[in-house]
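K.L.:
The following block contains a protein sequence and its predicted model.
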Amino acid sequence: MKIDFKQIELYLVTGPVPSSRLSLTALLEQAVLGGVRLIQFRSKNLSDQAFFEEAGKVLEITNRYRVPLIINDRVEIARKLNASGIHLGQEDMRISAARKIIGNKVIGKSTHDLNEARQAVKENVDYINVGPLFLTQSKKTVSPLGVAIVTKISQQIKIPFTTMGGIDLNNVEAVIRAGADRVAVMSALIDAPDPQRVAFEFLQKIHHAKKTRRFHASPK
């Protein structure tokens with residue numbers, strides 16, 4: 001399934017789901033019904049076999065609702081599942097090597113400053129992620145960048161970018177007004193008592209912020 005970033009405003013990255021909550025697949029289904037239009041399956045601690053099995057369950061949901069699935073880190077699994085793409089960190093496989101495995105599928109890369117973003121563009125990635133913008137439990141060792149980096153990226157980087165890291169309903173409008181066209185979230189939806197409602201609220205705030213920001217950003 002192809003990814004049209006111009007149609008994506010809310011992007012969910014998976015993480016551990018509290019045992020007292022919904023199953024991961026049920027949670028993802030609710031999130032998609034609320035307006036999530038891209039899912040990245042991320043699980044650092046699973047064996048390759050367990051990761052493959054869990055990602056297969058997620059793929060059933062994304063295929064059912066025609067939502068693209070991106071696999072975090074594990075390029076061979078992304079190829080086997082025929083996922084829409086792969087997302088790599090700064091310490092992961094080189095982009096050129098990943099491209100040989102995954103072909104013309106989408107490749108994204110995590111970046112933490114403008115220099116890393118520029119380097120990722122040189123490596124011919126399809127999109128970048130910028131973060132963490134705010135304090136977040138998933139990136140405890142990385143200092144938050146703040147929204148100023150979003151404005152710099154939006155002005156100087158010409159490929160699609162996502163923003164991530166501690167984004168919630170209280171600060172998402174600031175991120176959009178700084179120049180972002182989309183946000184990626186994890187705990188804000190995974191820990192939500194009603195993921196469908198919260199996803200819908202995110203989209204309302206995103207749309208409001210786009211209408212009220214002082215400049216018109218060309219969607220990338």
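P.N.:
Received the coordinates, thanks.

K.L.:
quick one, phi/psi of Q30?
P.N.:
phi -60, psi -40 (degrees, to the nearest 10).

K.L.:
any idea how far it lies from I153?
P.N.:
Computed as CB to CB, to the nearest Å, the Q30 to I153 distance reads 30 Å. To be clear about C-beta, it is placed using only N, CA and C from the backbone, and glycine gets the same treatment.

K.L.:
Also K6?
P.N.:
17 Å.

K.L.:
Pick out whichever of the two has more residues nearby.
P.N.:
The residue with more neighbours, out of K6 and I153, is I153; 23 against 12, by other CB atoms under 10 Å.

K.L.:
Quickly note the distance from that one to G165.
P.N.:
13 Å.

K.L.:
And for E173?
P.N.:
16 Å.

K.L.:
now stretch 105-112: mean pLDDT?
P.N.:
The predicted model assigns stretch 105-112 a mean pLDDT of 97.

K.L.:
in this structure, which spans are helices?
P.N.:
Here the chain has its helices, by DSSP state H, at 24-34, 48-64, 75-81, 95-102, 114-122, 148-156, 172-177, 187-190, 195-212.

K.L.:
Return the list of helices and strands in contact with the first one.
P.N.:
This means helix 24-34. strand 38-41, helix 48-64, helix 187-190, helix 195-212 (3 or more CB pairs under 8 Å, 6 or more residues apart in numbering; DSSP states H and E).

K.L.:
To I107, which of these lies closest?
P.N.:
When those are compared by CB to CB, strand 38-41 sits nearest I107, at 12.4 Å.

K.L.:
hmm, back to that, Throw the helices of the chain into a markdown table and include distance to G108, thanks.
P.N.:
Below are the helices of the chain laid out as a markdown table (distance: least, CB to CB, whole Å):
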| stretch | distance to G108 |
| --- | --- |
| helix 24-34 | 19 |
| helix 48-64 | 16 |
| helix 75-81 | 11 |
| helix 95-102 | 10 |
| helix 114-122 | 9 |
| helix 148-156 | 14 |
| helix 172-177 | 18 |
| helix 187-190 | 19 |
| helix 195-212 | 20 |
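
K.L.:
And those: which comes nearest V130?
P.N.:
helix 148-156 (5.4 Å).

K.L.:
what comes up buried for that closest one?
P.N.:
Neighbour-count burial for helix 148-156, with 16 or more other CB atoms under 10 Å as criterion, is recorded at I149, V150, K152, I153, S154.

K.L.:
Who are the contact partners of the last one?
P.N.:
Read it as S154. F161, A178, G179, A180, A217 (CB atoms under 8 Å, 6 or more residues apart in numbering).

K.L.:
Just the residues you listed: which are in strands?
P.N.:
Secondary structure from DSSP state E places F161 of the contacts of S154 in strands.
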